[in-house]
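In: Whatever this is, show me its structure:
(chains A, B, C and D)
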Protein chains: 2
Amino acid sequence: MDIINFITTIPLFQNLEEKNYQDLSGIIRTRKFKKGEIIFSEYDEADGFYVAVSGRVKIFKSSPEGKEQILHIFGPGDPFGEIAVFTGKNFPASAQTLEACDTLFFPKNDFIGLIKKDPALSLNMLSVLSMRLKRFSSLIEDLSLKEVPGRLAAYLLYLSDRNDSCDELILDISKTQLASILGTIPETLSRILTKMTRENLIESDGKRKFLIKDRESLIDLAEGEIKLS
Amino acid sequence: MDIINFITTIPLFQNLEEKNYQDLSGIIRTRKFKKGEIIFSEYDEADGFYVAVSGRVKIFKSSPEGKEQILHIFGPGDPFGEIAVFTGKNFPASAQTLEACDTLFFPKNDFIGLIKKDPALSLNMLSVLSMRLKRFSSLIEDLSLKEVPGRLAAYLLYLSDRNDSCDELILDISKTQLASILGTIPETLSRILTKMTRENLIESDGKRKFLIKDRESLIDLAEGEIKLS
DNA sequence: CGTGGCCTTGATAAAGTTCAAGAGCCGTGG
DNA sequence: CCACGGCTCTTGAACTTTATCAAGGCCACG
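Out: Down below sits the predicted model:
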């Protein structure tokens, strides 16, 4: 069955015993969502978690005035909503699709049953949660200790690293969404991109293509060693 | 032996089988630290994690310019440094004692061996990590979507909740440390406390005692419904 | 009794947000 | 095929929030 093929490819389900793949596939429900659909909202009661199969999902917090902070953008193979499985209550943030999405849904109690049976599965889950904590610590560090140009520089370098440290980047999200990842607003992001271009750190087609022209300075900016003038 | 008595009282080690307490006590090393001592630094290689027995420890990130963001303050019974155990590499933040501290140290490989044997232990650990993720999401939300007065109001309410929703609070840390928890600096904190007092939301002895005088307004402030004038 | 840490206050500066306006782009429907 | 509306992005000006720098007070501890 091809759900099994899919789950064997993702990190959360690596190195399990054959039998456990059967068990897993037994508890999975598939769920499809349209573009822009809310999968769950903060404070909703949580009865399980999801794994994206196709499409992307943003996990975010929003303020009463409508500002949004994106915590993650997840794609195929990424689990989400799993925190609530282990704290037993509500989702700590909201999830909305960026595109049409196919997902696998794992009901909470069934999944906990499986975790009790397979130590490899729990170690994988511990590793997923730990990596998330690590990412959150660094997001907190960025928000609290760096200014927006530094965060943007770090993000551009991160995109470059994901792409073999290539100097050409293509943003796979809108600038408005990027602003929300960086903890700022589109206006501020736009101004900083203009400055970076003017000071020859980057070049852009005005849309989603960027070229890193001065990697050294971007690194210095990300570390807070220099500032834009 | 009294290490066993101690560990049976803390959430991470609840509901284990008798035999596992023996195993745990077999791998534990005790470590003592003086006041102000650095237990580990960000990027140090991690070979295990700690549980505080007495004294308090702050977990923090710091910037090149010396500003600090406190991520947690942990006390007796709290585990810390456990993220690195499951991501396999370095500590994502630094740890320093606030007072003289006794701790238990759990070597990484030994502990992973135990986790594989006892599903209850891994579920407990999953729950600890999940609660931390929840707290981090809310810290991120605060830093990104709220202003300092809102964060302070939320913190005061949190202290009150911990104390049976009593109106009298005693801060158990310095105001400089509180500023660092809130993601700001002492000067700003001081000004905001002055404003809150002037507007009769709180009263203070100028040191570490506070009295909540207008809980409703503090709640509104924390939710961003109102502002200080 | 002096020194250093912590806290407060003021003046100033920097960073970011808000508000408003307008340009460019895309898909829809007449 | 073109016009329209909606959306994203950019830019400017005013404003708000917070940080920085500097000074002084208070208190505890040697």
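
In: What about A:Ala120, how many residues nearby?
Out: 14 (other C-beta atoms under 10 Å in any protein chain shown). All C-beta atoms are positioned from the backbone trio N, CA, C, and that covers glycine.

In: I'd like the distance from the nearest residue to A:Thr184 once chain neighbours are set aside to DNA strand D, if you could.
Out: Excluding its sequence neighbours, the residue lying closest to A:Thr184 (C-beta to C-beta, 6 or more residues apart in numbering or on different chains) is A:Val148, at 5.0 Å. Relative to DNA strand D, A:Val148 is positioned 13 Å away (C-beta to the nearest atom of the strand, to the nearest Å).

In: Can you give me every residue that contacts A:Val148?
Out: Going by C-beta atoms under 8 Å, 6 or more residues apart in numbering or on different chains, A:Val148 touches A:182-184, A:188-189, A:192.

In: try 10 Å
Out: A:Val148 makes contact with A:142, A:179, A:182-185, A:188-189, A:191-192, A:228, according to C-beta atoms under 10 Å, 6 or more residues apart in numbering or on different chains.

In: How about A:Glu45?
Out: Counting by C-beta under 10 Å, 6+ apart, A:Glu45 has contacts A:84, A:89-91.

In: distance of it from chain B?
Out: 15 Å (C-beta to the nearest C-beta, to the nearest Å).

In: which residue ranges form the strands in chain A?
Out: For chain A, the strands defined by DSSP state E occupy A:29-33, A:38-40, A:48-54, A:57-62, A:68-74, A:79-80, A:94-97, A:101-107, A:168-170, A:202-204, A:209-212.

In: Run the contact check for the fourth one versus DNA strand D.
Out: Think strand A:57-62. No: figure legend: strand A:57-62 not in contact with DNA strand D (C-beta under 7 Å from any atom of the strand); closest approach 12.4 Å.

In: elements contacting that strand?
Out: Packing partners of strand A:57-62 (3 or more C-beta pairs under 10 Å, 6 or more residues apart in numbering or on different chains; DSSP states H and E): strand A:38-40, strand A:68-74, strand A:79-80, strand A:94-97, helix A:175-182, helix B:119-145.

In: In the last one, which residues are buried?
Out: Of the residues in helix B:119-145, B:119, B:121-134, B:136-137, B:139-145 count as buried by neighbour count, 16 or more other C-beta atoms under 10 Å in any protein chain shown.

In: for DNA strand C, what are the nearby residues on chain A?
Out: Residues of chain A lying near DNA strand C (C-beta under 7 Å from any atom of the strand): A:65, A:67, A:147-149, A:183-185, A:187-188, A:191-192, A:227.

In: neighbour-wise, which of those residues leads?
Out: Busiest of the residues of chain A next to DNA strand C [other C-beta under 10 Å] is A:Pro149, holding 24 neighbours.

In: tell me the contacts of the residue nearest to A:Gly183 when sequence neighbours are not counted?
Out: Take A:Gly183 and drop its neighbours on the chain: the residue closest to it by C-beta to C-beta, 6+ apart is B:Ser144, 4.3 Å away. Residues in contact with B:Ser144, defined by C-beta under 10 Å, 6+ apart, are A:61, A:63, A:67-71, A:139-140, A:143-144, A:180, A:182-184, B:183.

In: Repeat the analysis, applying 6 Å as the threshold.
Out: B:Ser144 is in contact with A:69, A:143, A:183, counting by C-beta atoms under 6 Å, 6 or more residues apart in numbering or on different chains.

In: One more: A:Arg29?
Out: Here A:Arg29 is in contact with A:Phe105 (C-beta under 6 Å, 6+ apart).

In: Pairing partners for it in the sheet, please.
Out: Per DSSP bridges, the residues bridged to A:Arg29 are A:Phe105.

In: Do me a favour and get the backbone dihedrals for the nearest residue to A:Leu171 once chain neighbours are set aside.
Out: Once flanking residues are discounted, A:Leu171 sits nearest to A:Arg208: 4.1 Å by C-beta to C-beta, 6+ apart. Per-residue torsions, A:Arg208: phi -110, psi 10 (degrees, to the nearest 10).
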